[in-house]
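Engineer: here is a sequence together with a model predicted from it:
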Amino acid sequence: MAKKAKKKVAKKNGRPTKYKAVYARQASKLCQLGAIDKDLASFFNVSVSTISTWKLEQPKFLESIKKSKEIADNKVIRSLFERATGYEHPEDKIFCTDGDVTTVKTMKHYPPDATSMIFWLKNRLPELFRDKQVIEHGLDQDTITLLGLIDGSSKGQLPTKQEEKDAG
């Protein structure tokens, strides 16, 4: 009688994971509300490094977090854009005249906000709207020649270090 070969199952070292399949859906909802990895760790009562491990080992968990964070980010982007460009929305105004309550439908208008505009432009077009200006201090050959003609002392070339010492 031949013995059946037993398959060896690789044992994982370390503590068993606390991860449960339902965590992907819970993490998704939290991320749509603006949660970051630190918030997820607090909610699931684990460390931030455990959240990172789950993202590496659980593809559904990672995908749910990515999609939900993108949804939240897009909502903020849309809101910032609306603040920067101005927007309006329907609003009910309630008036009370001589004890008679009247509701009037109106449009509430929000004008463009300069701070939101600046923030948007600095991030979307940093080469045009950054606070720090890069100024080149180098001289091109045409400027050197022009300065030499004005000064009359050089022939359109930068003085050498020795000439600078002799002049000084």
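Structural biologist: Ah, there it is.

Engineer: what's the neighbour count on the nearest residue to Phe119 once chain neighbours are set aside?
Structural biologist: Excluding the flanking residues, the one nearest Phe119 by Cβ to Cβ, 6 or more residues apart in numbering is Leu80, at 7.0 Å. Where you see a C-beta, it was placed from the backbone N, CA and C, and this is true even at glycine. The local packing of Leu80 (other Cβ atoms under 10 Å) involves 16 other residues.

Engineer: what mean pLDDT does the helix or strand containing Leu80 have?
Structural biologist: Per DSSP states H and E, Leu80 falls inside helix 59-85. In this model, helix 59-85 has a mean pLDDT of 94.

Engineer: stretch 124-136 too?
Structural biologist: pLDDT averaged over stretch 124-136 gives 80.

Engineer: what residue ranges in this protein score low on pLDDT?
Structural biologist: Applying pLDDT under 70 to the chain picks out residues 1-12, 133, 149, 151-160, 164, 167-168.

Engineer: for burial, what's the neighbour tally of Ile36?
Structural biologist: Ile36: 14 surrounding residues under other Cβ under 10 Å.
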